[in-house]
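*Asks:* Sequence and predicted structure are below.
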Amino acid sequence: MLSKTGVPTPEQLKAVKPSKERLDQGPVVIVECFQEIPCDPCYTVCKKGGFLPFEDINDLPRMDFDKCNGCGICIGACPGLAVFVVDESYSEQEALVMIPWEFLPVPEEGSTVKGLNREGHAVAPVTVKKVRYAGENNNTHILTLVAAKEFAHDIRSIGVKE
Amino acid sequence: MRILKHPILTFAKGKKVTFLFNGTEIEGCEGEPIAAALHAAGIKILSYSRFHKRPRGFWCAIGNCSSCNMRVNGVPNVRTCVEPLRAGMVVETQRNKGIIGGEFGE
Amino acid sequence: MVNKIEILVIGSGPAGLKASLGAAAQGAKVTLVERDPFLGGQLVKQTHMFFGSKEQYASERGFKIAEKLSREVEDHPKIRVLCNTAVLGCYENGVIALETKEKVVAIQPQAIILATGAQENTLMFPNCDLPGIYGAGAVQTLMNVYGVVPGCRVAMVGAGNIGVIVSYQLLQAGVGVPAIIEALPHIGAYHVHASKVRRMGVPIYTSHTVLAAHGDECLEGITFAEIDKDRQPVAGSEKELKVDVLCIAVGLTPLIEILFQAGCKMAFIPELGGHVPLRSDTLETSVSNIFVAGDASGIEEASAAMVEGSIAGLTAALNLGYGKESYQENLAAARRELAGLRSGPAGEKIRSGLARLARSEEVTY
């Protein structure tokens, strides 16, 4: 249970996963936010209408996956670092996974690092395709990782050796 | 141990000064709390309790609890977690309840 | 000589900064006293992004919010800032003694807003007094304000927001966190905070507690074990962990001694963290023109502290004749914000604490 382990259950993850059709079309957001807390910057920062308006600040985010273009601006805005982008159209075997990263070292573009799942276990190596810096005001890095498709919905962190 | 690189914060380089801790010269940054300078130098024991002589370090680090009391420039009961470090300070482990005028009184 | 002033704000954390700005915006003259050398209170140590909505600076990091608000306060012509200034006590006729620049000064404010925040609770177990056992906030201060690492391997007691956030901050400072130990059967922190540390490999042991700390002159390790529903250790579940720092994050208690001295009616409310003053919904205590805001009024979040500060500041100013025309509108907007922050499941504890406070009798000594 999420409230006991800090790890979302398969049922919770299924509920926020876009359809296979949408995932095959291109990058799309995955919002792993399951608790009603007063928070709405994902909605306010999105320029495309990918997040539906909040009626109450405690609402869980609701998505319009067709309007979402997977730009990832919400990844750096989410205070809980609970937002990710997955692009299953990348290739036959591989998908792109975009994650927020607030640690040192920041991996080099082109390097291979360990892909960690939600329990911090290494599941597969990933290549760092792109490192985007969200700016001095925010200090978050957004990493675009290339992962084997079967791990695209497990890998949410990385392990980098100094 | 001091943090040299941090993913979010930048630490201003403080002016390095030296001070004495129980007779030994230690380096710290001017203006930081004495307890932080000691901690950076690997010193965690700041005093010993009155009756059972148990070692004491800091606890709250914001000047509320008095766990960090040490004698500084002869003055006892100085809350080292908030007292700013100045060059040449004489900092000593406090082992009693703090008697003004020296260890054995006047 | 007693210096008469208009509004005294005690404490420059989020509540005190917003209270000063709220009162000064209406034209009142504010004196803000802060015992630290800098403004911002606990905000300066918060490296994570804040929740809430745009009005409460959502997505901005705590220390950046502190910089922003501190600059606004320092630049405001109606606010006089006195750092390195401690309130020594509250005397008859509402006289406050301040220690500033090694002098003691007496002032007589027409209104006081107490925004002194809270202090960390302790936990008792054998050898709980060893150097290396620190409050989680203390470790946060050492790391994020002074750039000193507390140790190499840190175990955290408490999986509330503070425990889990400080664990994450330890990881950011390059320190290992081999365990978060929580006595309750569930995690009290926002689940997203817990998920952040879990995916970095930090285990969270719910229904566990520390049995003892070990070490000769400093902490060297701990023994912790599972506990049953009666909070008794489960035999055979003991685990040893080598750590050089143990952080204790088991709750906060409001700092309200000044209100006792001032003769405010107080009540003991567990959900709010301890003794808190009875007060109106505009945060005025039972002594007229003494207000309370932020964690000193009841343990909550920085976002709520900011809004409470604004309400107290507006109302203190109104009582002195400032801001009459816009008061109702400003108050209504602040009330809506506060209600929004408290309305969801995450607000249950504060709502139930405030309800209990509304029903309570004063503490009599």
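*Replies:* On my side now, so go ahead. Bear in mind that the values here come from a model prediction, so they are computed numbers and not experimental data. Numbers count the residues shown, from 1 in each chain, chains lettered A, B, ... in the order given.
*Asks:* For the closest residue to B:Ser67 other than its chain neighbours, give me its contacts.
*Replies:* Leaving aside its sequence neighbours, B:Ser67 sits nearest to B:Trp59 (C-beta to C-beta, 6 or more residues apart in numbering or on different chains; 4.0 Å). Where C-beta positions appear, they are placed from N, C-alpha and C, glycine not excepted. Counting by C-beta atoms under 8 Å, 6 or more residues apart in numbering or on different chains, B:Trp59 makes contact with B:Cys65, B:Ser67, B:Cys68, C:Thr122, C:Ile133, C:Tyr134, C:Gly135, C:Ala138.
*Asks:* Leaving out the residues flanking it, which one is nearest to residue 33?
*Replies:* No chain specified, so I'll use chain A. Closest residue in space to A:Cys33, ignoring its immediate chain neighbours: A:Ala82 at 4.7 Å, by C-beta to C-beta, 6+ apart.
*Asks:* That was the other one, I meant chain C.
*Replies:* In this structure, C:Val33 finds its nearest non-sequential neighbour in C:Thr85, 4.4 Å apart by C-beta to C-beta, 6+ apart.
*Asks:* Quick check: the two most widely separated of the contacts of B:Trp59?
*Replies:* B:Cys68 and C:Thr122 (14.6 Å; C-beta to C-beta).
*Asks:* more crowded one of those two?
*Replies:* Legend: neighbour count by other C-beta atoms under 10 Å in any protein chain shown for B:Cys68 and C:Thr122, higher for B:Cys68 (27 against 16).
*Asks:* Could you name the specific helix or strand carrying the residue nearest to B:Ser67?
*Replies:* Under DSSP states H and E, no helix or strand contains B:Trp59.
*Asks:* who touches the residue nearest to C:Val33 in this structure?
*Replies:* Applying C-beta under 8 Å, 6+ apart to C:Thr85 gives the contacts C:Val33, C:Glu34, C:Arg35, C:Leu98, C:Glu99, C:Thr100.
*Asks:* contacting residues around the fourth one?
*Replies:* Read that as C:Leu98. C:Leu98 is in contact with C:Val33, C:Leu82, C:Thr85, C:Ala86, C:Val87, C:Leu88, C:Val104, C:Val105, C:Ala106, C:Ile107, counting by C-beta under 8 Å, 6+ apart.
*Asks:* With secondary structure and distance to B:Glu83 as new columns, can these be given to me in CSV?
*Replies:* Compiled in CSV, those are given as follows (DSSP: H, G, I helix; E, B strand; the rest coil; distance: C-beta to C-beta, whole Å):
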residue, secondary structure, distance to B:Glu83
C:Val33, strand, 19
C:Leu82, strand, 19
C:Thr85, strand, 15
C:Ala86, strand, 13
C:Val87, strand, 19
C:Leu88, strand, 18
C:Val104, strand, 19
C:Val105, strand, 21
C:Ala106, strand, 25
C:Ile107, strand, 25
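*Asks:* Now render those residues as JSON lines, adding distance to B:Met89.
*Replies:* JSON lines is the format used below for the contacts of C:Leu98 (distance: C-beta to C-beta, whole Å):
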{"residue": "C:Val33", "distance to B:Met89": "26"}
{"residue": "C:Leu82", "distance to B:Met89": "25"}
{"residue": "C:Thr85", "distance to B:Met89": "23"}
{"residue": "C:Ala86", "distance to B:Met89": "21"}
{"residue": "C:Val87", "distance to B:Met89": "27"}
{"residue": "C:Leu88", "distance to B:Met89": "25"}
{"residue": "C:Val104", "distance to B:Met89": "24"}
{"residue": "C:Val105", "distance to B:Met89": "27"}
{"residue": "C:Ala106", "distance to B:Met89": "31"}
{"residue": "C:Ile107", "distance to B:Met89": "32"}
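*Asks:* any idea which of those is the one closest to B:Ala35?
*Replies:* Nearest to B:Ala35, judged by C-beta to C-beta, of these is C:Ala86 at 18.3 Å.
*Asks:* Look up which helix or strand the closest residue to the closest one other than its chain neighbours falls in, please.
*Replies:* In this structure, C:Ala86 finds its nearest non-sequential neighbour in C:Arg35, 4.2 Å apart by C-beta to C-beta, 6+ apart. Secondary structure assignment for C:Arg35, by DSSP H and E: no helix or strand.
*Asks:* State whether A:Lys4 is indeed within a helix.
*Replies:* Yes. Judged by DSSP: H, G, I helix; E, B strand; the rest coil, A:Lys4 forms part of a helix.
*Asks:* Tell me which residues touch it, please.
*Replies:* With contact taken as C-beta under 8 Å, 6+ apart, A:Lys4 is in contact with C:Pro185, C:His186, C:Ile187, C:Thr206.
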